[in-house]
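[1] Give me the fold of what follows.
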Amino acid sequence: MRIPKAASQERRAATRFALSLDVSYTVVDRRAIVRTGSGRTIDLSSSGLSFTTSQPPLPGQKLEMSIDWPVLLDGAIRLQLVISGVVVRTTKAAAVLQIQKHEFRTRRAGLTARPAGE
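    Modelled structure (predicted):
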């Protein structure tokens, strides 16, 4: 049996998946960095992201976000999900972002120190 959309409590167009991952973000205004922050994701869909943070950005602000993805590409390559969008809602400790663009990028491995003489 199919429930009509009007009867459903869910207003979102895309299914959200509960994920708790570290996120870092930059608030941008005309390509200039206004401030940076970090937090944890609450849930994620193809069109939106909810996340916690100690200083939520303001509704209408544009963010560029990055999330270290927990699954390796081909079992060996680390990925990062890079998202840009606009903040649509905030509370004292959380924000909701409407995703405008997203892409997966490969993450560079960290540099390791080598002993002198090598």
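[2] so what's Pro70 closest to, chain neighbours aside?
    Leu21 (6.6 Å; CB to CB, 6 or more residues apart in numbering). For the C-beta atoms, the positions are set from N, CA and C on the backbone; glycine is no exception.
[3] and the one you found, how many neighbours?
    Neighbour count for Leu21, taken as other CB atoms under 10 Å: 15.
[4] Pull the contacting residues for it.
    The neighbourhood of Leu21, defined by CB atoms under 8 Å, 6 or more residues apart in numbering, consists of 40-41, 67-70.
[5] Now the residue nearest the centre of the chain, what are its backbone angles?
    Note on the chain: the residue nearest the mean C-alpha position is Met65, at 5.0 Å, using CA atoms, centre = their mean. Backbone torsions for Met65, taken as degrees, to the nearest 10, come to phi -120, psi 150.
[6] could you list every residue that touches it?
    Contacts of Met65 (CB under 8 Å, 6+ apart): 23-26, 49, 51, 82-85, 97.
[7] at 6 Å instead, please
    23, 25, 83 (CB atoms under 6 Å, 6 or more residues apart in numbering).
[8] any idea how far Gly75 is from it?
    Relative to Gly75, Met65 is positioned 26 Å away (CB to CB, to the nearest Å).
[9] Ok, Ser46 next?
    Computed as CB to CB, the Ser46 to Gly75 distance reads 25 Å.
[10] Neighbour count: those two, which is higher?
    Taking other CB under 10 Å, Ser46 and Gly75 do not tie; Ser46 has more neighbours (11 against 6).
[11] Wasn't that one part of a strand?
    No - using DSSP: H, G, I helix; E, B strand; the rest coil, the assignment for Ser46 is coil, not a strand.
[12] I figured Val88 hits Val96, correct?
    Yes - using CB atoms under 6 Å, Val88 is in contact with Val96, at 5.3 Å.
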